[in-house]
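Trainee: Provide a 3D model corresponding to the input given below.
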Amino acid sequence: MSKEKRGFRGIWFPAEVWLDERLTPLDKIILMEIDSLDNDGNCYASNEHLAKFCQCSQSKVSKAISKLKSLGYIEAVSFDGRTRRLQSCLAFFTRQTGKNYDADWQNLQQRIVEKNSREEKKKERKNPAETYDSIIDEFTQDKELREALRDFLQYKVASCHRAKKEFTNRALKVNLTKLKKLSSDPREMVEIVNQTLERSWSGFFPLKDECGTSSRGADKQQRLKLEKYENPCVGSKRYDNTTGITEVYRGNGIWEKVSEYIDGEEDEDIEFDE
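Mentor: Prediction:
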């Protein structure tokens, strides 16, 4: 952008801009440069131009523009993917002191308030307030699981109320995340929720059988047995249910028969169920 196209004698800082402690010196300079280039609401200066003019990086320009927009000093009128059009909210100032200046500044402050109000309403439309029901409905489409989770919700809300605590939306999401880690099957999820309600637990845990052993625990025990069988230590014993023979590992893949199995004898090392 050449100096001949500027056509101005200098720039003027409104007192409120100059004294605004939320703005850094660089923010103020970028604002006034955009304002000086604003011709009837059209400032097409790129970040590259502003960075070169202010002798700073383009990332700093980008951060400054974002701040100025959030504070209501400038507006992004349009962007077609290549060209951005900015508008300074100071463009209608008379650049003078007195009643006209005061009126202009009050108008600017009113525009900032109205702009922030519009943005808040947009956010509310995009992100409606979350409720317990909306969180559960978003978690699953299964009707039975939804009903079970609402029963769990009533139980937790009552428990927290007795403890003079609040069961928050975040707490509900944490419990649902844990439930999803335990199972991805809606039917099994329902059983896990019902188990929590029946046993008055504080949260969700793996399903347990009648003996109180979790299915995950049983799987882990069997896996450990297999690992011990495949990688035995010298002196490890194993019992063969088919032949009733107990053997001891002597190393180098050699298992030595030590005795016939005697009914009632305990084998604490390795035993496999057929």
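
Trainee: residue boundaries of the strands in the stretch 1-150 of the chain?
Mentor: 74-79, 84-88 (DSSP state E, counting those that start in this stretch).

Trainee: So which of those is the most surrounded?
Mentor: strand 84-88 (a mean of 19; mean count of other C-beta atoms under 10 Å). Every C-beta, even on glycine, is put in place using the N, C-alpha and C of the backbone.

Trainee: what does it rub up against?
Mentor: The contact list for strand 84-88 (C-beta atoms under 8 Å, 6 or more residues apart in numbering) reads 31, 34-35, 38, 41-46, 65, 73-79.

Trainee: How about Ser78, nearest residue that isn't a chain neighbour?
Mentor: Nearest residue to Ser78, sequence neighbours excluded (C-beta to C-beta, 6 or more residues apart in numbering): Arg85, at 4.7 Å.

Trainee: remind me which residues of this protein are low pLDDT?
Mentor: In the predicted model of the chain, residues 1-9, 40-41, 91-109, 111-112, 115, 123-128, 209-231, 239-244, 259-274 satisfy pLDDT under 70.

Trainee: how does it divide into domains?
Mentor: 7-125, 132-199, 223-274 (automatic domain parsing).

Trainee: can you tell me the helix or strand for Glu256?
Mentor: Assessed by DSSP states H and E, Glu256 sits inside strand 254-260.

Trainee: Reformat the domains of the chain as JSON lines; add distance to Leu207.
Mentor: Shown next, in JSON lines, are the domains of the chain (distance: least, C-beta to C-beta, whole Å):
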{"stretch": "domain 7-125", "distance to Leu207": "41"}
{"stretch": "domain 132-199", "distance to Leu207": "6"}
{"stretch": "domain 223-274", "distance to Leu207": "18"}
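
Trainee: Minimum distance to Lys208: which of those domains has it?
Mentor: domain 132-199 (7.1 Å; C-beta to C-beta).

Trainee: about what we covered before: of the strands of the stretch 1-150 of the chain, which is nearest Glu198?
Mentor: Of all the strands of the stretch 1-150 of the chain, strand 74-79 sits nearest to Glu198, with 57.0 Å by C-beta to C-beta.

Trainee: send the alpha carbons of the closest one over as CSV?
Mentor: Extracted C-alpha coordinates of strand 74-79, given in CSV (Å, rounded to 0.1, in the frame of the first residue of the first chain):
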residue,chain,number,x,y,z
ILE,A,74,-13.6,-3.3,15.2
GLU,A,75,-15.9,-5.6,13.3
ALA,A,76,-15.2,-8.2,10.6
VAL,A,77,-17.7,-7.2,8.0
SER,A,78,-16.9,-9.9,5.4
PHE,A,79,-14.4,-12.5,4.3
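
Trainee: Measure how it sits relative to strand 84-88, angle-wise.
Mentor: Angle of strand 74-79 versus strand 84-88, following axes from the mean of the first three to the mean of the last three C-alpha atoms, to 10 degrees, is 150 degrees.

Trainee: show me what contacts Gln58?
Mentor: Contacts of Gln58 (C-beta under 8 Å, 6+ apart): Asn47, Glu48, Ala51.

Trainee: and the gap between it and Asn47?
Mentor: Distance, Gln58 to Asn47, by C-beta to C-beta, to the nearest Å: 5 Å.

Trainee: Over to Leu197?
Mentor: Relative to Asn47, Leu197 is positioned 58 Å away (C-beta to C-beta).

Trainee: Which of the two has more residues huddled nearby?
Mentor: Between Leu197 and Asn47, counted using other C-beta atoms under 10 Å, Asn47 has the larger neighbour count: 17 against 13.

Trainee: How about the contacts made by that one?
Mentor: By C-beta under 8 Å, 6+ apart, Asn47 lies in contact with Gln58, Val61, Ser62, Ile65.

Trainee: go again using 10 Å as the cut-off
Mentor: By C-beta atoms under 10 Å, 6 or more residues apart in numbering, the contact set of Asn47 is Ile30, Ser57, Gln58, Ser59, Lys60, Val61, Ser62, Ala64, Ile65, Arg84.
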